[in-house]
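Colleague: Give the three-dimensional model of this entry:
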Amino acid sequence: MLEQQNLKEIERLARLAMATILIVAGTSKFFSDGGFLGYYSQLFQGDLRIQLPAVLVNGYLSLIPFIEVGLGVCLLITRLRKAALYAWFLFMLSLLIGHYVLQEWSAVNQMLPYFFLGFLSMALPAHERLLARPILH
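Modeller: Model (predicted):
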């Protein structure tokens with residue numbers, strides 16, 4: 001059986017991975033020179049079964065980099081862990097719905113591991129200080 005400290009280390013690594021995924025994704029969008037917004041905005045205006053208003057789509061697409069970086073930072077703060085994990089699930093659900101609307105079925109399926117990463121972090125006991133000691137000791 002795994003010791004409590006080992007479970008906390010696994011939780012720490014899961015949360016660090018989640019935070020890294022979000023911060024890198026958000027940062028790359030900030031430096032895409034509008035490429036992210038332009039690309040996905042055009043896709044959402046295509047011939048889709050579900051048509052969403054462009055103002056709604058473009059507004060949310062504009063917020064995504066801020067959400068990603070902000071949520072990534074929140075995941076690094078242990079006292080915000082629970083709220084950040086729920087926000088993670090809501091954000092991942094919004095991305096899953098977006099891919100569903102775009103009829104990108106493989107992308108919908110590829111979102112599932114992100115949910116499992118959140119479930120893992122939520123199920124394990126929280127590490128008290130995410131960045132306080134070296135990961136390897």
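Colleague: Which positions within the host helix or strand of Ser106 qualify as buried?
Modeller: Ser106 belongs to helix 105-110 when assigned by DSSP states H and E. Of all the residues in helix 105-110, those buried under the rule 16 or more other Cβ atoms under 10 Å are Val108. Placement of C-beta: from N, CA and C, glycine included.
Colleague: Summarise which helices and strands that helix is packed against.
Modeller: Packing partners of helix 105-110 (3 or more Cβ pairs under 8 Å, 6 or more residues apart in numbering; DSSP states H and E): helix 81-101.
Colleague: Tell me the helix or strand right after the biggest helix by length in the chain.
Modeller: Using DSSP state H, we find that the single longest helix of the chain is helix 4-30. Counting by DSSP H and E, the next helix or strand C-terminal to helix 4-30 is helix 35-44.
Colleague: what about the residue nearest to Ala84 when sequence neighbours are not counted, helix or strand, and which?
Modeller: Excluding its sequence neighbours, the residue lying closest to Ala84 (Cβ to Cβ, 6 or more residues apart in numbering) is Cys74, at 4.0 Å. Element membership of Cys74, judged by DSSP H and E, is helix 54-75.
Colleague: Could I get the CA-only coordinates of that helix as PDB?
Modeller: Output in PDB follows, covering the C-alpha atoms of helix 54-75 (Å, rounded to 0.1, in the frame of the first residue of the first chain):
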ATOM      1  CA  ALA A  54     -19.900  34.800 -33.500                       C
ATOM      2  CA  VAL A  55     -19.900  37.300 -30.700                       C
ATOM      3  CA  LEU A  56     -20.300  34.500 -28.100                       C
ATOM      4  CA  VAL A  57     -17.600  32.300 -29.700                       C
ATOM      5  CA  ASN A  58     -15.100  35.100 -30.200                       C
ATOM      6  CA  GLY A  59     -15.700  36.500 -26.700                       C
ATOM      7  CA  TYR A  60     -14.900  33.100 -25.200                       C
ATOM      8  CA  LEU A  61     -12.000  32.400 -27.500                       C
ATOM      9  CA  SER A  62     -10.600  35.800 -26.400                       C
ATOM     10  CA  LEU A  63     -10.800  34.800 -22.700                       C
ATOM     11  CA  ILE A  64      -9.300  31.400 -23.100                       C
ATOM     12  CA  PRO A  65      -5.600  32.400 -22.800                       C
ATOM     13  CA  PHE A  66      -6.400  34.400 -19.600                       C
ATOM     14  CA  ILE A  67      -8.400  31.500 -18.200                       C
ATOM     15  CA  GLU A  68      -5.600  29.100 -18.900                       C
ATOM     16  CA  VAL A  69      -2.800  31.100 -17.300                       C
ATOM     17  CA  GLY A  70      -5.000  32.200 -14.400                       C
ATOM     18  CA  LEU A  71      -6.200  28.700 -13.700                       C
ATOM     19  CA  GLY A  72      -2.700  27.300 -14.100                       C
ATOM     20  CA  VAL A  73      -1.400  29.700 -11.400                       C
ATOM     21  CA  CYS A  74      -4.400  28.900  -9.100                       C
ATOM     22  CA  LEU A  75      -3.500  25.200  -9.400                       C
END
